[in-house]
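Q: got a sequence here, can you build the structure:
(chains A and B)
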Number of protein chains: 2
Amino acid sequence: MSGNNIFYAQSGGVTAVINASACGVIETARAHPELGKVYAGRNGIIGALREELIDTSFEKKSTIAALRHTPAGAFGSCRYKLKSVDENRAEYERLIEVFKAHDIGYFFYNGGGDSQDTAHKVSQLSQEINYPITCIGIPKTVDNDLPITDNCPGFGSVAKYVAVSIREAGLDVASMCESSTKVFVMEVMGRHAGWIAGAAGLAAEQDGDAPHIIVFPEIAFDKEAFLAKAKSCVDQYGYCAIVVSEGAHYEDGTFLADQGTTDAFGHAQLGGVAPTLANMLKDALGYKYHWAVSDYLQRAARHIASGTDVEQAYAMGKAAVEFALAGKNAVMPTVVRDSSSPYRWHIGEANLADVANVEKMMPRDFITEDGFGITAAAKEYFAPLILGEDYPPYKNGLPDYARLQKILADKKLPDWPE
Amino acid sequence: MSGNNIFYAQSGGVTAVINASACGVIETARAHPELGKVYAGRNGIIGALREELIDTSFEKKSTIAALRHTPAGAFGSCRYKLKSVDENRAEYERLIEVFKAHDIGYFFYNGGGDSQDTAHKVSQLSQEINYPITCIGIPKTVDNDLPITDNCPGFGSVAKYVAVSIREAGLDVASMCESSTKVFVMEVMGRHAGWIAGAAGLAAEQDGDAPHIIVFPEIAFDKEAFLAKAKSCVDQYGYCAIVVSEGAHYEDGTFLADQGTTDAFGHAQLGGVAPTLANMLKDALGYKYHWAVSDYLQRAARHIASGTDVEQAYAMGKAAVEFALAGKNAVMPTVVRDSSSPYRWHIGEANLADVANVEKMMPRDFITEDGFGITAAAKEYFAPLILGEDYPPYKNGLPDYARLQKILADKKLPDWPE
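A: Sure, this is the predicted structure:
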């Protein structure tokens, strides 16, 4: 019989609302006396390998409640993908050994596709070695690329941030364009899919509103068409506000922003497509430009989080605990959309096996025929996800975010040789 | 006798709250039957030269009220500095001719140092040619560099934006630093003075809080000291969050962003001091980095405007009308600080002659001895300016900003040959 303690870990790039999921897990677990402690991995799954388990029972009720309005990963996250069981069985065995040593019977893994894959494997292996762990995935990714779930917690808040930002910057450029800046380029995240770039399109409600052009990673970049469209916007509206995905690329796959460096996963490290496009416009058309790269700001912007997103992130954490208590295993709660307008949704369930390593792309019919805008179908999908404001409390003019004690449980095992 | 209509113009780079000043002008003028119409220059002073006068009397009361929560320049602004009277007397005479044709007796110029200079000259020349115009300056600049006034409307909201943003991004980096990003660099505005960069320092309330390093334009950049400080932050806290002013430069005056370096592909490295510093850290210390350039986003961010700033911007517009009614001329309302904690201020008055073309620099004692942080004196100065939240109303999950009709008054004069 496995223990009744819980291990919760945050994985991959953090979001404005991943802590709301943590809050949902911890508050729900605390309400169930049949469950033990919630341990959180210090810096994600690395914390389990190193037996660095943050004992959340030391955190005050008010601190846990404050996680709901605190961005980023309060317990630390990591970019660390476990290899396959065949390649590195020792890592999986170590995880289970640590779980065993701390009477952990539940593993909640809060992350994207890679993480759901890991949770799935841990579940399988734990059965095999007779220390069955209940593994529940909690969806999280600003990339919105998990399958089955209608959308991913974390995405709605980035969507709101980018739509608000391009609306505001668009008004700024409109003010200046007669004598100064004519084009403004805002770079947003989204390496493989244009979900984030597309959501910025919500800012355009009337003809002439920013953004006028969206450059998607789904559409091979056509320089001539892009320049022609920008010129026509400037001719018609006096200015042109552009949103570009970091993953924008040419027909041959070369990223517009390729810097020739790679990250720990071997992915090309991107950055700088906004200045690339801005310079292209200046060279070809002579326009004065400005550009912005919001980078981490967009995914950390809890101050402008979507109310829908916060609510769903919390609900996913809560559902994970409830699924576990109901005896479910190797599943992930999902958002099921019942209706877009008025927006209605409920919690569904996906098997981790079906979620792991499947990337959900944006449908082609979300992008206009010319490749530079979003369709009515896209707007219908995106609109509910940015609804509602969920402001954090402020102190001294700044958001008052949770500060945790992060007290580690005593170690019981030998060090893990890294 | 000059007319009783008002000409109001927005000048230079716009802000999150310049329309709050416009709102203060128009609402106050409407409350005084002895005043006529408020005409707003289409795209600032250019609108006066071209006789493109937006007749604000066509705008609904609710639209004018909405200006208070609408960012950027609702009537259009411009970067257009009138030459000296000696060099281009015709421009000044044209302005006065347009004012005369439309019974304008009051000129309210909402801008920075250059604009106050222009307002001052118009005032002088109008006396000379016997059509005396009452000229009142309304302070506005995110750069916070106007003299006499304690602070400038527009600055407090940028200050709040950058402090909130670096706090949020700092939490993000802290979450990721164990296995991924170690340094984060955020570039902020401020070519000549570090007011904006300095205000970001408010985010650091406890030891170890972001930002850990601020790079000011007031301090010649010392690469070795910078790298040593960044390394010591990463060693101590696991990560380093950096705010850099766009005006950061070396001892010899060369901007950091202007290095003529090339990337891995031999392309000229594109503008941006943030990527420059990030690459410097990577090259010297091997740290994985992220960087952001918020550019217009920071000054257009009405969604996170400072309550103090909105209140003062409105009050400056209101005071301008009241000054005019009181028979004052060639003056600008100012913010006079009575107390920092609790924050108390009142409206003062400066002569345009004393404001024009004087740049207020940040005191050296606002910057720590090592040149990378702000002192207690700076915090005392900055803190009240970001106090209070003044959220715009939202519709469909997005800020509901004013849309003006911008109906032009009929032209009465020949075209202005540009």
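
Q: got the contact list for stretch A:341-350?
A: Residues outside stretch A:341-350 that contact it (Cβ atoms under 8 Å, 6 or more residues apart in numbering or on different chains) are A:147-150, A:308, A:312, A:315-316, A:319, A:323, A:328, A:331-338, A:380, A:383-384, A:387. No exception for glycine: its C-beta is placed from N, CA and C like everyone else's.

Q: residues of it that come out buried?
A: A:345, A:347, A:348, A:350 (16 or more other Cβ atoms under 10 Å in any protein chain shown).

Q: out of the residues you listed, who's nearest chain B?
A: Ranked by distance to chain B (Cβ to the nearest Cβ), these are led by residue A:345 at 15.2 Å.

Q: next one: residue A:70 from residue B:160, what distance?
A: Using Cβ to Cβ, to the nearest Å, we find residue A:70 at a distance of 18 Å from residue B:160.

Q: now the buried members of the contacts of stretch A:341-350.
A: Using 16+ other Cβ under 10 Å as the burial test, these include A:147-150, A:308, A:312, A:315-316, A:319, A:323, A:328, A:331-335, A:337, A:383-384, A:387 as buried.

Q: now, which of those residues lie within helices?
A: Counting by DSSP state H, the buried ones among the contacts of stretch A:341-350 place A:308, A:312, A:315, A:316, A:319, A:323 in helices.

Q: contacts only, for the fourth one.
A: Applying Cβ under 8 Å, 6+ apart, one finds that residue A:316 lies in contact with A:21, A:24, A:138, A:139, A:140, A:153, A:333, A:335, A:347.

Q: how about 10 Å then?
A: By Cβ atoms under 10 Å, 6 or more residues apart in numbering or on different chains, the contact set of residue A:316 is A:17-18, A:20-21, A:24-25, A:108, A:110, A:136-140, A:149, A:152-153, A:332-335, A:347.

Q: how about stretch A:25-37, which residues are buried there?
A: Within stretch A:25-37, judged by 16+ other Cβ under 10 Å, the buried ones are A:25, A:26, A:27, A:28, A:29, A:30, A:35, A:36, A:37.

Q: out of residue A:70 and residue B:160, which sits in the busier spot?
A: residue B:160 (32 against 26; other Cβ atoms under 10 Å in any protein chain shown).

Q: just say helix, strand or coil for the more buried one.
A: Assigned with DSSP: H, G, I helix; E, B strand; the rest coil, residue B:160 falls in the helix class.

Q: so it is in contact with residue B:166, correct?
A: No. The pair residue B:160 / residue B:166 is not scored as a contact, 11.4 Å apart, by Cβ atoms under 10 Å.

Q: roughly how far does the closest residue to residue A:158 other than its chain neighbours sit from residue A:195?
A: In space, residue A:158 comes closest to residue A:142 once its chain neighbours are excluded; the distance is 4.6 Å by Cβ to Cβ, 6 or more residues apart in numbering or on different chains. Distance of residue A:142 to residue A:195, given as Cβ to Cβ: 9 Å.

Q: residues shared between the contacts of those two?
A: By Cβ under 10 Å, 6+ apart, the residues touching both residue A:142 and residue A:195 are A:152, A:155, A:158, A:159, A:188, A:189.

Q: and which of the residues you listed is nearest chain B?
A: For those, the nearest to chain B is residue A:159 (8.7 Å; Cβ to the nearest Cβ).

Q: setting aside sequence neighbours, what's the nearest residue to that closest one?
A: residue A:199 (3.4 Å).

Q: what's the helix or strand for that neighbour?
A: Using DSSP states H and E, residue A:199 maps to helix A:195-200.

Q: do the same with residue A:117
A: Using DSSP H and E, the element containing residue A:117 is helix A:113-128.

Q: restrict that helix to CA atoms and write it as CSV.
A: Presented in CSV, the C-alpha positions along helix A:113-128 are these (Å, rounded to 0.1, in the frame of the first residue of the first chain):
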residue,chain,number,x,y,z
GLY,A,113,3.2,17.6,-23.1
ASP,A,114,6.6,16.4,-21.9
SER,A,115,5.5,16.4,-18.3
GLN,A,116,2.3,14.4,-19.0
ASP,A,117,4.5,11.9,-20.7
THR,A,118,6.8,11.6,-17.6
ALA,A,119,3.7,11.3,-15.3
HIS,A,120,2.4,8.5,-17.6
LYS,A,121,5.7,6.6,-17.4
VAL,A,122,6.0,7.0,-13.7
SER,A,123,2.6,5.6,-13.3
GLN,A,124,3.4,2.6,-15.5
LEU,A,125,6.7,1.8,-13.8
SER,A,126,5.3,2.2,-10.3
GLN,A,127,2.8,-0.6,-11.1
GLU,A,128,5.6,-2.7,-12.4
